[in-house]
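Q: build the 3D model from these lines:
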Amino acid sequence: MCETLLQNENLNISHPLFWRASFSLIQKIVSNVDYKGVREIMKTCLEKAQGKEIAKTSLEKAQSKEKSEDLPTSFSSSELANVTALEQALKHILDRQV
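A: Next up is the predicted model:
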């Protein structure tokens, strides 16, 4: 489920409602994922934060026409909710007592 959300082409900062809902759902699901799965989810979350493409194969990358967007380095108050959603999900992943 998390993998599907993270690879969705609409999961970018241009779609703030989907972005926040996805990371909120990931935060709820991740405690039921095994260690290797959590590592992969964390890696993909960080890639999303850096705006890197997450296509599985080079063919998918070549076919992808939409470029991922980087998170901005400074935020307006309206953008803060997007960053907070990602931050909370990553904090939850890193908290091994969950």
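Q: and residue 76, helix, strand or coil?
A: At residue 76 the chain is in coil, as set by DSSP: H, G, I helix; E, B strand; the rest coil.
Q: same check on the one 10 residues further on?
A: Of the three states, residue 86 takes helix according to three-state DSSP.
Q: and residue 30, how many neighbours?
A: 20 (other CB atoms under 10 Å). In this view, the C-beta of every residue, glycine as well, is placed from N, C-alpha and C.
Q: my guess is it contacts residue 90. True?
A: No: the pair residue 30 and residue 90 does not pass the contact test of CB atoms under 8 Å, sitting 10.0 Å apart.
Q: show me what contacts residue 39?
A: Residue 39 makes contact with no residue under the criterion CB atoms under 8 Å, 6 or more residues apart in numbering.
Q: most centrally placed residue in this structure?
A: residue 45 (3.7 Å; CA atoms, centre = their mean).
Q: that residue and residue 92 touch, don't they?
A: No: Residue 45 is beyond contact range of residue 92, at 10.4 Å (criterion: CB under 8 Å).
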